[in-house]
Structure formats: C-alpha cells, structure tokens
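K.L.:
sharing a sequence plus its predicted fold:
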Amino acid sequence: MTLISLVIAVLIGIVVLAMMIGIFGVFLYDQAVSAVKSAFSAVGNLKGGLKKP
C-alpha cells in the first residue's frame, strides 16, 4: 500500500513540476521573444540611420 501511495505522490509531484516548468517556460519564452524583437528593431534602426544621411 505504501508503494502505491509513493508512486502516486511521485506522479503528482512530476505533474506539478511540469506545470510550473510550463508556466515559467511560457513566461521566459515571451520575454525572450520580446527581447529578440527589440534587438532586431534596434539593429534595423541603426541600419536605417546609417543609410540616411
């Protein structure tokens, strides 16, 4: 009986950990995408500024 409860507890812990990783992963992915977009826009502004006299 204790083995079954231990397995259930481990599965619940894995599910909770996966949910937390998923939430943090989405947040970090959103932050990374916004940072990459801002970097690309900054590079584009630099190139545009260099092209224009």
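P.N.:
Thanks, I have it.

K.L.:
where along the chain do the helices fall?
P.N.:
For the chain, helices defined by DSSP state H occupy the ranges 2-51.

K.L.:
low-confidence ranges, the protein, go.
P.N.:
Along the chain, the parts satisfying pLDDT under 70 run over 50-53.

K.L.:
now with 80, please.
P.N.:
The chain contains residues with pLDDT under 80 at 1, 46-53.

K.L.:
and Asp30, how many residues sit next to it?
P.N.:
10 (other CB atoms under 10 Å). For glycine as for every other residue, the C-beta is placed from the backbone atoms N, C-alpha and C.

K.L.:
so how far is Val15 from it?
P.N.:
Going from Asp30 to Val15 by CB to CB, to the nearest Å gives 23 Å.

K.L.:
how about Asn45?
P.N.:
45 Å.

K.L.:
go on, Ala35?
P.N.:
Look at Ala35 and Val15: by CB to CB, they are 30 Å apart.
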